[in-house]
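K.L.:
show me the folded form of this:
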Amino acid sequence: MGGTQIRWRRAARIAGIALAAIAAIPALPALMGSDAPPPVPDDVGLIPTQVSPPPEPAAPELPPRAPRVKEVTELPPRAPRVKDKSKKIEAKKKRRAKRRRERRRIDQGGTEETPSAPVMTYAPAPAPPEFGIEP
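P.N.:
You can find the predicted model right below:
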């Protein structure tokens, strides 16, 4: 009869580990700490019987500083400045026109930094020489 062989040493080891794990489960909350808050002191919320005087100020007060006096001298009245915007507008128009010219050059294939490259044209290949056999 070929039955299953039990290794008692190994079975005892597994049983011991299982018992240790079961015994440790109730001890875990004690190891982690309880959910209950710490006890409250007896005098919390009671009014003290003797009122202590207010504490002394840390630094003595400085004497008030004298206000600054600024001397005012009268200046002659300025003439109102008239802005001439026509020069500014003309300069703006010139800049725009210059930019347009530059864009047109670039669109046409040229650039302002480099001169235009020589234009390559197609030329047919020369005819091959005729070879003839003379008798």
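K.L.:
what about residue 24, helix or strand, and which?
P.N.:
Using DSSP states H and E, residue 24 maps to helix 8-32.
K.L.:
find the residue at the geometric middle of this protein.
P.N.:
residue 99 (37.2 Å; C-alpha atoms, centre = their mean).
K.L.:
from residue 37, how far off is it?
P.N.:
76 Å (C-beta to C-beta, to the nearest Å). Every residue, glycine included, has its C-beta placed from N, CA and C.
K.L.:
likewise residue 52?
P.N.:
29 Å.
K.L.:
for residue 104, same thing?
P.N.:
Distance, residue 104 to residue 37, by C-beta to C-beta: 83 Å.
K.L.:
these two: which is more packed in?
P.N.:
residue 104 (10 against 6; other C-beta atoms under 10 Å).
K.L.:
so what's that one scoring on pLDDT?
P.N.:
Note for residue 104: predicted pLDDT of 86.
K.L.:
that one sits in which helix or strand?
P.N.:
helix 85-107.
K.L.:
which parts of that helix are buried?
P.N.:
Going by neighbour count (16 or more other C-beta atoms under 10 Å), nothing in helix 85-107 comes out as buried.
K.L.:
what about it, distance to the chain center?
P.N.:
Averaging C-alpha positions (C-alpha atoms, centre = their mean, to the nearest Å) puts helix 85-107 40 Å from its chain's average.
K.L.:
and what of stretch 18-33?
P.N.:
Distance of stretch 18-33 from its chain centroid, counting by C-alpha atoms, centre = their mean, is 48 Å.
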